[in-house]
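Trainee: Show me how the following folds:
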Amino acid sequence: MNLSKRIIALIISFLALSFCIFAQADKKTDPPKTNPNYDAELAKKLGADDYGMKQYVIVILKTGPTKIEDAAKVQELFAGHLKNIMRLADEGKLALAGPFMEGGNMRGLFIFNVKTVEEAKELVKTDPAIAAGLLEPEFIKWYGSAAVMNVNETHKKIQKTSFVD
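Mentor: Below you'll find the predicted structure:
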């Protein structure tokens, strides 16, 4: 298994364990319990199923095959990459994104609020750094907490400065 698939497996395992730990009670003896804090309106807004989960597509961004020596051009492409991230987040298509700090060939992560890899592929086509070949995407379906959809709203409240204008 390559490194990116191992990282995906670790992320999925960690999040699945953290979000589902209480759902693992002995189901043979205990009937399903209704959450007294359940907010039907919020669940509907976030697209949650009965477990508070939903389907996404994770994209691991790896170093692409293209090498560009012109530093200004690379800076321009990555500025466009960041603007594209902001646009997709504002449209509700991108639930989460960020660079890996010590990922080697793996550069970053997108979690798209879409159900199919095909939809995610269409969205990454709008990214200038990917289109130029500086980044190469790898796609995988993921089932995670619908609460991830609140990350961008919260981020806008805690972000003091921005990478883009």
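Trainee: Residue 116 - how many residues pack around it?
Mentor: Neighbour count for residue 116, taken as other Cβ atoms under 10 Å: 13. All C-beta atoms are positioned from the backbone trio N, CA, C, and that covers glycine.
Trainee: what sits against the residue nearest to it when sequence neighbours are not counted?
Mentor: Distances taken as Cβ to Cβ, 6 or more residues apart in numbering put residue 57 closest to residue 116, at 7.0 Å, once the chain neighbours are dropped. Shown in contact with residue 57 (Cβ atoms under 8 Å, 6 or more residues apart in numbering): 111, 112, 114, 115, 116, 117, 119, 120, 139, 140, 141, 142.
Trainee: quick one: residue 57 from residue 162, how far?
Mentor: Per Cβ to Cβ, to the nearest Å, residue 57 is found 26 Å from residue 162.
Trainee: now residue 90
Mentor: 13 Å.
Trainee: And residue 143, by the same measure?
Mentor: Plainly put, residue 143 is 31 Å away from residue 162 if you go by Cβ to Cβ.
Trainee: Neighbour count for those two, which is higher?
Mentor: residue 143 (14 against 9).
Trainee: Could you look up the SS state of that one?
Mentor: Under the three-state scheme (DSSP: H, G, I helix; E, B strand; the rest coil), residue 143 adopts strand.
Trainee: Residues in a beta bridge with it, which ones?
Mentor: residue 55 (DSSP bridges).
Trainee: Point to the residue nearest the middle of the protein.
Mentor: Using Cα atoms, centre = their mean, the residue of the chain that lies closest to the mean C-alpha position is residue 111, 1.5 Å off.
Trainee: Kindly state the beta-bridge partners for that residue.
Mentor: Note on residue 111: beta-bridge partners residue 58, residue 96, judged by DSSP bridges.
Trainee: Work out for me the element residue 88 sits within.
Mentor: Per DSSP states H and E: residue 88 is located in helix 71-90.
Trainee: Give me the average confidence score over that helix.
Mentor: Per-residue pLDDT over helix 71-90 has a mean of 96.
Trainee: Okay, buried residues for it please.
Mentor: Within helix 71-90, the residues that count as buried by 16 or more other Cβ atoms under 10 Å are 74, 77, 78, 80, 81, 82, 84, 85, 88, 89.
Trainee: need the strands for this protein, in chain order.
Mentor: 53-63, 94-99, 106-112, 135-145 (DSSP state E).
Trainee: Give me the pLDDT value at residue 32.
Mentor: Predicted confidence (pLDDT) for residue 32: 74.
Trainee: same check, this time on residue 152
Mentor: So, for residue 152, pLDDT stands at 85.
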